[in-house]
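K.L.:
sequence first, then the predicted structure:
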There are 2 protein chains.
Amino acid sequence: MQDVLEKKAAESGLRERKKQATRAALAEAAVRLAAEHGAENVTVEAISEAAGVSPRTFFNYFDSRDDAFVMIDAESGARVRRGVLEAPADASPLEALRDAMAAELAEIEQRHEVWDLHAGVLHRSPHLLTRSLAAHLADELDLAEALAERIGAGPRSRCGCPSPARSASGDGQPRAVPDLYPRLLAAVGGAAVRVAVEYWCARQDRLAFTAVFRQVFAHLAAGLSVPPEETGRR
Amino acid sequence: MQDVLEKKAAESGLRERKKQATRAALAEAAVRLAAEHGAENVTVEAISEAAGVSPRTFFNYFDSRDDAFVMIDAESGARVRRGVLEAPADASPLEALRDAMAAELAEIEQRHEVWDLHAGVLHRSPHLLTRSLAAHLADELDLAEALAERIGAGPRSRCGCPSPARSASGDGQPRAVPDLYPRLLAAVGGAAVRVAVEYWCARQDRLAFTAVFRQVFAHLAAGLSVPPEETGRR
DNA sequence: AACAATTTTGCAGGGTGTGCATATTTGCAT
DNA sequence: ATGCAAATATGCACACCCTGCAAAATTGTT
């Protein structure tokens, strides 16, 4: 029956909603407990109890305990990708990437009530910070593909191959390798965001993040040449 | 007594040698067993037995089981840093970084007997690959400082803004925050190497790695502008 | 109301990582 | 050579992480 497939696709029913609610409850409980007692002192049992499920159920949602502290925004990567694809046609790839990432960071800013807690937790235990980076790294290939598609649609349409037509999960190995340039763009963009955030965290300038962010991408656009006398931009 | 300090510094005695030998034996046993049975199926007990020590002793040398698969080259970062500092005076920071990293990669090429095994292990279990990247990330701040020193000795000494003295939480390291530009340079350099290696691994061109590497840095020097008609590619 | 699919939960078990006390080894002084 | 103090290795106990497996409980459909 085709109904089965449709059901899978459009399953916005009570089941899926409840699952997402449980996942969110677990993640939020984890972050909240970690902010209070330190991430290392928060057990799976405590998290699941705070979320109202059994410890065993925790592992039905996260592959490891640390993932609960890290997997806060599963949709972030998808939003950046969409932003890249929807960028105006006259923007360079680097500009498209910069604006998409800036929009996503602005989006996060709005939810800083929870995000500040999260940032504090990551900052207090470097172990989790590296895991967070690793999680972002997983999205990098997807971002590279989006950039490749964006570039292909720009100056000239490349080969027809429209959609990679890959299934979401399973074994991701037999995957088309994106071209070198979009791959590099994605990796450098991620590194740029990381540096901007870390630098902005190191100094407590709450207001000047946008300036730091734009300056980083200005450096990139200038070929990382040595900055001319550095007019600080405040 | 000063004798104590001297002893600590010059302790090249039997003690220190034996410790390093044990550490090396554990790491090599770990990689060798992982190459044969897969990293996930290698227990701490098996590693320590192969190295001739007790399982408890393993954790006196590595904080976690995975570290035994990752901690192969602790000197790599130091070599790159020295290469940056010893670069010719007329080289741009990006060129200095590129050449230092190229030299280090060439160095590694020579020891490919062990490194190939190691690469195979990391390739077969992405979990360890991210840990390896995290380890490299730890060196990034040191590299940024080396780059800052190199830049400062180059064109001109820049504005003061010394150390924001940021020690955010707990017992953090009261470490001076490098300037934004060298920090970005270090991060982007690391990302560039990673992309070059991954791209070169994806296609089995054993010989063209240098070409890929130089092309990546050419992209960076060109401000990541869209490549003109893209020669190469296979 | 009955049924099938999905999710939750308990339970057992192996592996990881740590603290602590003890035994062994190493370097040095006598 | 012998004894001593520091460093290291080891055994043991224990908490925690994570995974199958099978039995409930829940949900959507007929």
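P.N.:
Sure thing, it's come through.
K.L.:
and the closest residue to DNA strand D within chain A, how many neighbours does it have?
P.N.:
At 2.7 Å from DNA strand D, A:Leu14 is the closest residue in chain A, using CB to the nearest atom of the strand. Yep, even glycine has a C-beta here, placed from its N, CA and C like the rest. Neighbourhood size, A:Leu14 [other CB atoms under 10 Å in any protein chain shown]: 8.
K.L.:
tally of neighbours for the closest residue to A:Phe213 other than its chain neighbours?
P.N.:
Excluding its sequence neighbours, the residue lying closest to A:Phe213 (CB to CB, 6 or more residues apart in numbering or on different chains) is A:Ala196, at 4.7 Å. Residues contacting A:Ala196 under the criterion other CB under 10 Å number 26.
K.L.:
where's A:Ala196 relative to B:Val31, distance?
P.N.:
According to CB to CB, to the nearest Å, A:Ala196 stands 36 Å off from B:Val31.
K.L.:
low-confidence bits of chain A, can you list those?
P.N.:
A:1-12, A:153-177, A:206, A:229-234 (pLDDT under 70).
K.L.:
repeat that with 90
P.N.:
Along chain A, the model assigns pLDDT under 90 to residues A:1-17, A:71-76, A:107-116, A:119-120, A:123, A:126-139, A:152-178, A:197-210, A:226-234.
K.L.:
ok, the residue nearest to A:Phe213 to DNA strand C distance?
P.N.:
From A:Ala196 across to DNA strand C, the span is 32 Å (CB to the nearest atom of the strand, to the nearest Å).
K.L.:
hmm, A:Arg214 and that residue touching each other?
P.N.:
No - using CB atoms under 8 Å, A:Ala196 makes no contact with A:Arg214, being 9.0 Å away.
K.L.:
how about the helix or strand harbouring A:Glu109 and chain B, touching?
P.N.:
Secondary structure assignment for A:Glu109, by DSSP states H and E: helix A:93-110. Yes - interface with chain B: helix A:93-110 contributes A:93-94 (CB under 8 Å from any CB of the partner chain).
K.L.:
using PDB, list the CA coordinates for that helix.
P.N.:
Extracted C-alpha coordinates of helix A:93-110, given in PDB (Å, rounded to 0.1, in the frame of the first residue of the first chain):
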ATOM      1  CA  PRO A  93      30.000  31.900  -3.000                       C
ATOM      2  CA  LEU A  94      31.900  33.200   0.000                       C
ATOM      3  CA  GLU A  95      29.400  36.000   0.400                       C
ATOM      4  CA  ALA A  96      26.500  33.600   0.200                       C
ATOM      5  CA  LEU A  97      28.100  31.400   2.900                       C
ATOM      6  CA  ARG A  98      28.900  34.400   5.100                       C
ATOM      7  CA  ASP A  99      25.300  35.700   5.000                       C
ATOM      8  CA  ALA A 100      23.800  32.300   5.500                       C
ATOM      9  CA  MET A 101      25.900  31.700   8.600                       C
ATOM     10  CA  ALA A 102      25.300  35.200   9.900                       C
ATOM     11  CA  ALA A 103      21.600  34.700   9.600                       C
ATOM     12  CA  GLU A 104      21.800  31.400  11.500                       C
ATOM     13  CA  LEU A 105      23.900  33.000  14.200                       C
ATOM     14  CA  ALA A 106      21.400  35.800  14.500                       C
ATOM     15  CA  GLU A 107      18.700  33.100  14.800                       C
ATOM     16  CA  ILE A 108      20.600  31.500  17.700                       C
ATOM     17  CA  GLU A 109      21.000  34.900  19.300                       C
ATOM     18  CA  GLN A 110      17.300  35.100  19.800                       C
END
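K.L.:
the helix or strand following it and DNA strand D in contact?
P.N.:
Following helix A:93-110 in sequence order, the next helix or strand is helix A:112-124 (DSSP H and E). No - Helix A:112-124 lies out of reach of DNA strand D by CB under 7 Å from any atom of the strand, never closer than 14.6 Å.
K.L.:
still on that earlier bit, where's the residue of chain A closest to DNA strand D relative to A:Ala21, distance?
P.N.:
In terms of CB to CB, A:Leu14 sits 10 Å off from A:Ala21.
K.L.:
next: A:Leu180.
P.N.:
In terms of CB to CB, A:Leu180 sits 42 Å off from A:Ala21.
K.L.:
can you check A:Ala186 too?
P.N.:
32 Å.
K.L.:
can you check A:His123 too?
P.N.:
Relative to A:Ala21, and taking CB to CB, A:His123 is found at 28 Å.
K.L.:
what about those two, which has more around it?
P.N.:
The neighbour count for A:His123 versus A:Ala21, taken as other CB under 10 Å, is higher for A:His123 (16 against 11).
K.L.:
how many neighbouring residues does A:Ala186 have?
P.N.:
The burial count for A:Ala186: 28, using other CB under 10 Å.
K.L.:
got the contact list for it?
P.N.:
By CB atoms under 8 Å, 6 or more residues apart in numbering or on different chains, the residues touching A:Ala186 are A:97, A:140-141, A:143-144, A:147.
K.L.:
mind running it again at 6 Å?
P.N.:
A:140, A:143-144, A:147 (CB atoms under 6 Å, 6 or more residues apart in numbering or on different chains).
K.L.:
just the helices in chain A please.
P.N.:
A:2-9, A:14-37, A:44-51, A:55-61, A:65-70, A:76-85, A:93-110, A:112-124, A:126-138, A:140-153, A:180-202, A:209-221 (DSSP state H).
K.L.:
which residues does the fifth one contact?
P.N.:
With contacts defined as CB under 6 Å, 6+ apart, helix A:65-70 is touched by A:26-27, A:30, A:34, A:39, A:44, A:62, A:128, A:131-132, A:135.
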